[in-house]
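Colleague: Got a sequence here, can you build the structure:
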Amino acid sequence: MPERDGGPGPLYNRFYFGHYRTEKGPVAYGREEEWINLFAMVADRICTDIAPRTVLDAGCAMGLLVEALRDRGVEAFGVDISEYAIQKVREDIRPYCWVGSVTDELKRDYDLIVNVEVLEHLQPQESERAVDNFCAHSRDILFSSTPLEFKEDTHFNVRPPEYWAQLFARHGFFRDFDYDPTPYLTPWAVRYRLQREPVTRIAAGYERLLSRLKYENHSLREAVLERREELDRTLGERDGKGSELARAIEERNQTSNELARATEERDAAVAMRAESLQHVAAMQNTLVWRVAERLRRSRGGRAIRALRPRR
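Modeller: Alright, predicted model coming up:
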């Protein structure tokens with residue numbers, strides 16, 4: 001956090017912690033179950049993977065990591081610039097946390113110093129002093145500082161990872177190539193350790209890491225291409241089946257239309273026949289029809305008699 005004297009320390013008050021910026025947007029930072037569980041998980045990983053006896057959380061805020069480590073038997077301490085945050089530390093943990101700057105000279109050494117999302121809040125000169133301070137009092141540092149979040153009002157020194165790597169390298173601290181803290185911290189978290197090895201071995205370590213990342217990236221690209229080809233085949237088959245289905249639907253629609261037309265023609269013919277029968281019935285009831293029918297029958301009778309042979 002920024003320096004108390006002349007710095008923006010008062011910014012880290014109730015409002016700041018009530019609108020803490022995360023990837024999901026502003027959230028309340030405090031003794032909520034979500035945050036307690038998060039730091040409990042971080043403490044578990046630190047105890048399992050690193051197993052330090054003494055830890056300083058430099059920028060401890062409300063001391064959630066300090067309490068999680070102490071609950072697991074680690075002699076942990078914390079420092080933070082925010083008086084408001086230190087007042088929120090759990091009562092039994094409060095004696096082990098104090099108000100101060102990460103640039104203040106530390107009174108003792110620690111097996112591990114944890115500094116997560118803090119130095120971007122300092123001015124560049126203060127950030128360098130903080131790194132100097134950490135390297136003077138520990139051989140092992142878990143470090144993280146966002147290279148991306150420029151929107152936060154209190155971020156005065158957002159830098160890419162290589163900037164911090166150079167600051168630590170001045171003191172002989174280099175990335176631990178065999179340890180990756182990103183699964184439980186941040187995507188850009190690094191474990192810096194004091195290296196006494198020849199520069200050739202350090203260079204080999206960086207090449208080993210780079211090669212591993214290149215091979216991983218290559219494998220991921222191949223997997224993506226294979227998945228894309230599989231997807232293209234699936235879409236092609238679906239499109240083919242879709243065309244067949246479309247043709248079947250079209251034929252069905254045509255048959256339905258023809259059936260509808262046939263039904264209409266049948267209904268029209270039935271209607272015409274019924275209408276014709278009605279006309280015939282109406283004509284049979286007329287006087288002219290009856291007279292004509294009698295004449296027809298009379299003529300028919302004479303004709304029949306005329307065809308009979310005479311005796």
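Colleague: Domains of the chain: list them as residue ranges, please.
Modeller: If you go by automatic domain parsing, the domain ranges for the chain are 9-196, 215-291.
Colleague: Just say which of the ones you listed is most tucked in.
Modeller: domain 9-196 (a mean of 18; mean count of other CB atoms under 10 Å). Every residue, glycine included, has its C-beta placed from N, CA and C.
Colleague: so R90 touches G63, yeah?
Modeller: Yes. Look at R90 against G63 with CB atoms under 8 Å: they come within range, at 6.5 Å.
Colleague: coming back round to it: what's the least confident stretch among the domains of the chain?
Modeller: Of all the domains of the chain, the minimum mean pLDDT falls on domain 215-291 (a mean of 67).
Colleague: export the domains of the chain to JSON lines and tack on distance to I202?
Modeller: Formatted as JSON lines, those follow (distance: least, CB to CB, whole Å):
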{"stretch": "domain 9-196", "distance to I202": "6"}
{"stretch": "domain 215-291", "distance to I202": "21"}
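Colleague: and Y206, which of those domains is closest to it?
Modeller: Of all these, domain 9-196 sits nearest to Y206, with 7.2 Å by CB to CB.
Colleague: chain center to the closest one: distance?
Modeller: Remark: domain 9-196 is offset 26 Å from the chain centroid, using CA atoms, centre = their mean, to the nearest Å.
Colleague: My read is that G100 contacts E83, right?
Modeller: No. Between G100 and E83 there is no contact under CB under 8 Å: 10.3 Å.
Colleague: shared neighbours of these two, which are they?
Modeller: Jointly contacting G100 and E83 under the rule CB atoms under 8 Å, 6 or more residues apart in numbering is no residue at all.
Colleague: Quick check: W35 touching V42?
Modeller: No. Using CB under 8 Å, W35 is not in contact with V42; the gap is 10.7 Å.
Colleague: For this protein, just list every one of the helices.
Modeller: 14-18, 33-49, 64-70, 83-87, 124-137, 161-169, 199-284, 287-307 (DSSP state H).
Colleague: Packing partners of the second one?
Modeller: Looking back up the chat, that one is helix 33-49. On a contact count with 3 or more CB pairs under 8 Å, 6 or more residues apart in numbering; DSSP states H and E, helix 33-49 meets helix 64-70.
Colleague: elements contacting the helix it packs on?
Modeller: Judged by 3+ CB pairs under 8 Å, 6+ apart, helix 64-70 is in contact with helix 33-49, strand 54-58, strand 75-80.
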